[in-house]
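1. Got a predicted structure here, sequence first:
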Amino acid sequence: MSKVKPIQQLKEILKIRIRDFLGISESKNNLSIRQDINNAGDFFKTIQADCELLREISSNDDSQYLRMMDEFINGISELPYMKVHKKRFLYTFELLENLTSSATDKTIVDLGSWIAYVPVLRSIFPGNKFFLCMSDDLNTQADRLNLNLNNVDYGAFDLEIDPIPLADGSASLVILLEVIEHFGQDPMFVMSEVNRVLVDGGKVLISTPNLASWRSLTALLTHYSPYTYGKYIPGVPHGRHIHEYVPRDVSILLESAGFQSSVWTKNVYHTASSKKLINTLEEWGLPVTDREDTIFAIGTKVSGVQNRYPLDLYDLDAMQSS
């Protein structure tokens with residue numbers, strides 16, 4: 001009996017386990033695999049059902065901050081975006097409450113802001129001024145919606161090209177909520193600017209989809225895109241997610257920019273992680289930590305920028321040859 005080469009044996013084991021995980025029976029006809037996946041796929045349908053369940057649960061959630069947002073912009077609670085992201089909002093507001101001691105009397109900067117956050121930020125940080133990076137004219141929105149924007153300044157600029165129009169060390173907290181996945185060319189430019197405007201010991205709060213999540217892995221194994229949101233929007237080049245991150249990437253981004261990083265993941269769009277997938281990963285000897293759907297990170301400024309172009313995030317060979 002001939003010996004099976006170790007690499008070939010490993011391939012066969014992985015093939016059998018993946019097919020077993022997906023519920024696909026052996027078939028001599030390779031062309032039937034796609035149909036088998038569709039018939040047995042149910043995993044992706046389960047994910048979609050999980051999302052629906054989560055929306056049902058989160059739609060019943062309430063807090064003073066959600067009511068503030070609805071009072072600030074009448075009817076905002078009925079927007080589909082609000083309903084889908086409500087659980088993330090609530091968790092993010094908890095994180096912001098825990099950062100009040102870091103806010104001092106400096107400016108709080110929200111890059112890529114949503115105007116509905118304004119009353120919440122004011123409530124959590126009552127003694128601070130705010131600077132918002134907006135894609136639209138904030139004054140026009142304020143006039144149209146009759147909004148009170150006392151102590152709020154704003155600028156409309158390209159985060160990956162234009163410097164943040166604030167003095168060095170003028171901010172105590174910078175917020176990047178669901179923003180970094182939209183950067184298409186130079187995220188370290190943004191993080192270098194965040195470092196510049198923050199005081200020593202200042203904080204940056206980041207949230208972004210987790211490309212290594214159980215949801216993304218299940219989608220990939222069932223022949224769907226692992227991206228949380230990769231669909232194109234004609235005429236809106238940064239509307240889709242251009243680069244989704246794994247937790248390690250976010251740590252590298254922060255540490256390269258001179259921050260001590262604390263990075264973790266949490267399910268804020270699903271009720272829980274798939275036990276079947278997590279158990280399977282464990283059986284295969286693969287990491288089971290940081291598999292929740294969203295990455296959260298807090299960086300503390302401890303130095304200047306350490307590495308402007310980290311190798312894990314930039315193609316240095318292509319940059320040098322261009």
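-> Right, received. Where do you want to start?

2. Can you list the residue ranges for strands in the protein?
-> 107-111, 130-133, 152-155, 171-177, 198-209, 259-266, 294-301 (DSSP state E).

3. quick one: least confident helix or strand in this protein?
-> helix 33-40 (a mean of 41; mean pLDDT, DSSP states H and E).

4. now Val199: how far from Leu95?
-> For Val199, the distance to Leu95 (CB to CB, to the nearest Å) stands at 19 Å. Bear in mind the C-beta positions are built from the backbone N, C-alpha and C, glycine included.

5. no no, Gly235
-> Applying CB to CB, the value for Gly235 to Leu95 is 34 Å.

6. In the chain, where is pLDDT below threshold?
-> 1-61, 135-146 (pLDDT under 70).

7. Spatially central, which residue of it would that be?
-> What sits nearest the mean C-alpha location of the chain, by CA atoms, centre = their mean, is Thr208, with 0.8 Å.

8. Tell me who's in contact with it.
-> When contacts are counted by CB atoms under 8 Å, 6 or more residues apart in numbering, Thr208 touches Glu178, Val179, Ile180, Glu181, Glu244, Tyr245, Val250, Thr294, Ile295.

9. circling back: Gly235 and Leu95: which has the busier surroundings?
-> The neighbour count for Gly235 versus Leu95, taken as other CB atoms under 10 Å, is higher for Leu95 (14 against 6).

10. What residue, apart from its backbone neighbours, is nearest the more buried one spatially?
-> Of all residues not flanking Leu95 in the chain, Leu205 sits nearest, at 6.2 Å (CB to CB, 6 or more residues apart in numbering).

11. try Pro237
-> Closest to Pro237 by CB to CB, 6+ apart is Gly184, at 7.4 Å.

12. Please give the number of neighbouring residues around that neighbour.
-> By the measure other CB under 10 Å, the count of residues near Gly184 is 11.

13. my guess is it meets His241, correct?
-> No - between Gly184 and His241 there is no contact under CB atoms under 8 Å: 10.2 Å.

14. now the helices for the stretch 51-200 of the chain?
-> 64-72, 80-97, 118-124, 138-145, 187-197 (DSSP state H, counting those that start in this stretch).

15. cool, and the stretch 201-322 of the chain?
-> Here the stretch 201-322 of the chain has its helices, by DSSP H, counting those that start in this stretch, at 214-221, 247-256, 275-283, 316-321.

16. Could you name the helices and strands sitting against the shortest one?
-> Which is helix 316-321. The contact analysis (3 or more CB pairs under 8 Å, 6 or more residues apart in numbering; DSSP states H and E) places helix 316-321 against no helix or strand.

17. Now do the same contact list for Ile76.
-> The contact partners of Ile76, by CB under 8 Å, 6+ apart, come to Met69, Asp70, Met82, Ala116.

18. swap that for Leu99, please
-> Going by CB under 8 Å, 6+ apart, Leu99 touches Leu173, Lys203, Leu205, Ile298.
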